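Asker: quick one: sequence and predicted model below, then my questions.
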Amino acid sequence: MAYWLMKSEPDTFSIDDLKARPGSREHWDGVRNYQARNMMRDQMKKGDQVFFYHSACAEPGIAGIATVVKESYPDHTAQDPESKYFDPKASVDNPRWFMVDVKYKRKLKRLIPLKQLKENPALSEMILVKKGSRLSIMPVSESEWQAILEME
DNA sequence: GCCAACGTTGGC
DNA sequence: GCCAACGTTGGC
């Protein structure tokens, strides 16, 4: 089992929104970055654990935990001209973009702010805290996962 | 295959 | 809303 971190803008889709979905599960559509896509498509497995990160908001940080419940399949929003994620280069034969399904597990006891993640020496190598990193999906090592849980 | 121009992310 | 840092696009 692997650990991941996935970013979402809470104004669009927050941890509470995930919890409120039918079955508390949702497909993770809209990823339009190749690095993030490749990890989702090739490496994310059912049962993997995910930190749900709130980005581009007043208080960026880790809000909760989700579980991967369905492995990668084509992101249909890429083929929908009405979608803001529409990609004219995507097709049924060449979907180009993929997504997984995740299920709400729990919220952390408190939101762990990015600021505090940056201050934790155990997390100094985390992609999230590296300058200029914009990856919306990234692997988290087991030691980083544990270190973050200890900050709860 | 280079690289300038453009678009996006996301913290602040 | 600003803007630094990246990623992507497309002309050549």
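Answerer: It's in.

Asker: what does stretch A:22-33 contact?
Answerer: A:6, A:13, A:17-18, A:37, A:40, A:69-70, A:75-77, A:84-85, A:87, A:97-104, A:135-137 (Cβ atoms under 8 Å, 6 or more residues apart in numbering). The way it works is simple: take the backbone N, C-alpha and C, and place the C-beta from them, glycine included.

Asker: among those residues, which ones are in helices?
Answerer: Residues of the contacts of stretch A:22-33 located in helices (DSSP state H): A:Asp17, A:Leu18, A:Arg37, A:Met40.

Asker: which of the residues you listed are the two that sit furthest away from each other?
Answerer: By the measure Cβ to Cβ, A:Asp17 and A:Arg37 form the most distant pair in the ones in helices among the contacts of stretch A:22-33, at 22.3 Å.

Asker: after the biggest strand by length in chain A, next one along is what?
Answerer: Ordering each strand of chain A by length in residues (DSSP state E) puts strand A:98-113 first. Downstream of strand A:98-113, the first helix or strand assigned by DSSP states H and E is helix A:114-119.

Asker: tell me which parts of chain A are close to DNA strand C?
Answerer: A:Asn33, A:Tyr34, A:Gln35, A:Lys89, A:Lys131, A:Gly132, A:Ser133, A:Arg134 (Cβ under 7 Å from any atom of the strand).
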